[in-house]
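Q: predicted model follows, preceded by the sequence.
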Amino acid sequence: MHKHLRCIFFSFLFCLLLHSISWAQKNNLKYAIEPLEPVAIIEANILEEKFNNWAANFKNKVMDRMAKDKEQRDVLIVASISPDHLVDFHVAVRPEDEALRSELMDSLQSVKDLNTDYTTINLLWEFYLNGGNTDSVATYAPKPHLPTDLVRQDFEQFSLKLKHQDLQAWADEQALPLVADLLSSAEGNWKGVKEVSDMIKDKKYQEQSVLALTDGNEHYWQAMMDLSPDVQLMPVVKLLMHMAKGEFDLAKNYITILRLFSQGDEASTYFLQEAEWRIKSFKRHLEEEIEVGIQLHELGDYDKAIAYYRELVNKAPHNAALQYELYYSQKKKLMKEDSIGYDPKDEVLWNETKKLIYECDPLYPFNVRAKTGLEGYEIMRRGELLQLFQNKKQLKKDLANLAAIAIDLKDYAYAAHLYWNYVVVNFEADLLTESDRKAYFLYSLHELDQDGVIKDDPMVSDKELWKKVEDKLQKRVEESEIYRAFGK
């Protein structure tokens, strides 16, 4: 998918270099161009002809000015092209020459009118005049910076509420339309892929539940199976739609999948990186805000802690940790007011709260009450999530455990994504047999009422398949020490 895009872009650059070779030889100028985003992202963002015309004008402006210079020097220019119709240039010169830098900036004012369709793309151009700089201690002035660094610095200064809004806007207005474009240009006549692309273009996720549009949507699962194993755009779709709805905990879980499986997919890796730094920043900020409530709680001022948390929920309504801390302060208040008879009230409170928590994050690693062996087993499995991915040498084992925990906790969509990658990626055989991988994937889709997607798979013809899987899962529960400790 999109392999032809790389050819188009680099064939343009090759032609650009050939066109300029006589000029470069005459004036002893060499230059290099490096795109800072994946080529597929650039190609989906801007029409080739429009980009070619702009790049030729840009190159001529720089060369015309540098033709007057007889010194040996380097010039670095970062062109940041965004959807707002104005290109932002950063120019640095080595050794320092403010006059040359200013003149270049003035010349480039006439080539600022270019925009992308979706997201900002950045191109780094390096020009070496008369053999380039020979002063080993000389540095670029001003100090070069990448536009992406400035974007991150600005984001860090936002309030929590503004970060929340910016995260949603980036996913909704930039990233998702770009993904829809990439899907619509996918090679192959796949109905599922087209349906998902159209669903994004129609912004159905703004009115409908993301879970209904993904977990409960046969087109989503069909698209995932139709795309090449090294293309992870379906988890990207799910990640971004959750972000657009402000459901950052759910989005975070799919970052884990992309980090594990998107290494060979430049487009998916791009979305992973762009989403991850934003969500991490928001999460750090929210944790700092939650800590204020925790301090109030530690001082025993439960009423103030509860009021603070409720105000914070308005800024971050879909956060499991925040809901848990709110519950914990409410629990302590109940204990303080009625140390003997608080337990029935706490049980009601926890049952209400855990529904909110697990809607925010089905894989939240805590549960606080267990009356049965099965509930005890769930507490154990949630706690085991905290032990995963601490040692790189245990990566494949941890991945298998993550998939098993997800299916035990009935997060079937997450389990299906993991087991599908188990099916198409060659993991060590002793971790999980190929037959079991496939069976767990099929069972997960069965539990999501997606039998129509898998009806033609030969394994489904076994009428005992679902019972066999359920028996294995039940055996895992019954063999656990904590289940046996409850006696049932």
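A: Sure thing, it's come through.
Q: for Glu288, see how far away Lys304 is.
A: 18 Å (C-beta to C-beta, to the nearest Å). Placement of C-beta: from N, CA and C, glycine included.
Q: which one's more surrounded, the two?
A: Comparing Lys304 with Glu288 by other C-beta atoms under 10 Å, the one with more neighbours is Lys304, at 14 against 10.
Q: which segments of the protein make up each domain?
A: 3-144, 384-486 (automatic domain parsing).
Q: from the chain's centre, how far out is the shortest one? Work that out for me.
A: Using C-alpha atoms, centre = their mean, to the nearest Å, we find the averaged C-alpha position of domain 384-486 to lie 24 Å away from the chain's own average C-alpha position.
Q: and if you look at stretch 348-359?
A: On the basis of C-alpha atoms, centre = their mean, stretch 348-359 sits 27 Å off its chain's mean C-alpha point.
Q: same question, stretch 47-55
A: Averaged C-alpha coordinates place stretch 47-55 at 29 Å from its chain's average position (C-alpha atoms, centre = their mean).
Q: enumerate the positions of that stretch that are buried.
A: Neighbour-count burial for stretch 47-55 flags Phe51, Trp54, Ala55 (criterion: 16 or more other C-beta atoms under 10 Å).
Q: so the second one makes contact with Val111?
A: Yes: taking contacts as C-beta atoms under 8 Å, Trp54 lies within contact range of Val111: 6.4 Å.
Q: quick check: closest non-adjacent residue to Trp350.
A: Counting by C-beta to C-beta, 6 or more residues apart in numbering, the nearest residue to Trp350 once its immediate chain neighbours are dropped is Arg369, at 5.5 Å.
Q: separation between Asn351 and Arg437?
A: 35 Å.
Q: actually, Pro365.
A: 25 Å.
Q: and if you look at Val91?
A: 53 Å.
Q: helix or strand right after the lengthiest helix in the chain?
A: Scanning the chain for the longest helix, with DSSP state H as the assignment, gives helix 266-298. Next along the chain after helix 266-298, taking DSSP states H and E as the criterion, comes helix 302-315.
Q: so which bits of that next one are buried?
A: Quick answer for helix 302-315 (16+ other C-beta under 10 Å): Tyr302, Ala305, Ile306, Tyr308, Tyr309, Leu312, Lys315.
Q: Leu258: which of the domains of the chain is closest?
A: domain 384-486 (9.8 Å; C-beta to C-beta).
Q: tell me the average confidence for stretch 343-351?
A: The average pLDDT within stretch 343-351 is 90.
Q: tabulate the domains of the chain (CSV), appending distance to Leu239.
A: Converted to CSV, those look like this (distance: least, C-beta to C-beta, whole Å):
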stretch, distance to Leu239
domain 3-144, 15
domain 384-486, 11
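Q: can you convert these into CSV and add a column each for mean pLDDT?
A: Formatted as CSV, the domains of the chain follow (pLDDT from 0 to 100):
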stretch, mean pLDDT
domain 3-144, 82
domain 384-486, 90
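Q: closest one to Asp338 among these?
A: Smallest distance to Asp338 across the domains of the chain (C-beta to C-beta): 27.5 Å, for domain 384-486.
Q: and that closest one, end to end?
A: Start-to-end span of domain 384-486 (C-alpha to C-alpha, to the nearest Å) is 19 Å.
Q: now stretch 450-466
A: 13 Å.
Q: same question for it: list its buried residues.
A: Gln450, Val453, Ile454, Val460, Leu465, Trp466.
Q: same question, stretch 273-293
A: Within stretch 273-293, the residues that count as buried by 16+ other C-beta under 10 Å are 274-276, 278-279, 281-283, 285-286, 289-290, 293.
Q: just the CA trace of that stretch, in PDB.
A: Taking Å, rounded to 0.1, in the frame of the first residue of the first chain, the C-alpha atoms of stretch 273-293 are listed here in PDB:
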ATOM      1  CA  GLN A 273       4.100   9.100  17.400                       C
ATOM      2  CA  GLU A 274       1.900  12.100  16.900                       C
ATOM      3  CA  ALA A 275      -0.900  10.700  19.100                       C
ATOM      4  CA  GLU A 276       1.500   9.400  21.800                       C
ATOM      5  CA  TRP A 277       3.300  12.600  22.600                       C
ATOM      6  CA  ARG A 278       0.000  14.500  22.900                       C
ATOM      7  CA  ILE A 279      -1.700  11.900  25.100                       C
ATOM      8  CA  LYS A 280       1.400  11.500  27.300                       C
ATOM      9  CA  SER A 281       1.500  15.300  27.900                       C
ATOM     10  CA  PHE A 282      -2.200  15.400  28.700                       C
ATOM     11  CA  LYS A 283      -1.800  12.400  31.000                       C
ATOM     12  CA  ARG A 284       1.200  13.900  32.900                       C
ATOM     13  CA  HIS A 285      -0.800  17.200  33.300                       C
ATOM     14  CA  LEU A 286      -3.900  15.400  34.600                       C
ATOM     15  CA  GLU A 287      -1.800  13.300  37.000                       C
ATOM     16  CA  GLU A 288      -0.400  16.600  38.500                       C
ATOM     17  CA  GLU A 289      -3.900  17.900  38.900                       C
ATOM     18  CA  ILE A 290      -5.100  14.700  40.500                       C
ATOM     19  CA  GLU A 291      -2.200  14.900  42.900                       C
ATOM     20  CA  VAL A 292      -3.700  18.100  44.300                       C
ATOM     21  CA  GLY A 293      -6.900  16.100  45.200                       C
END
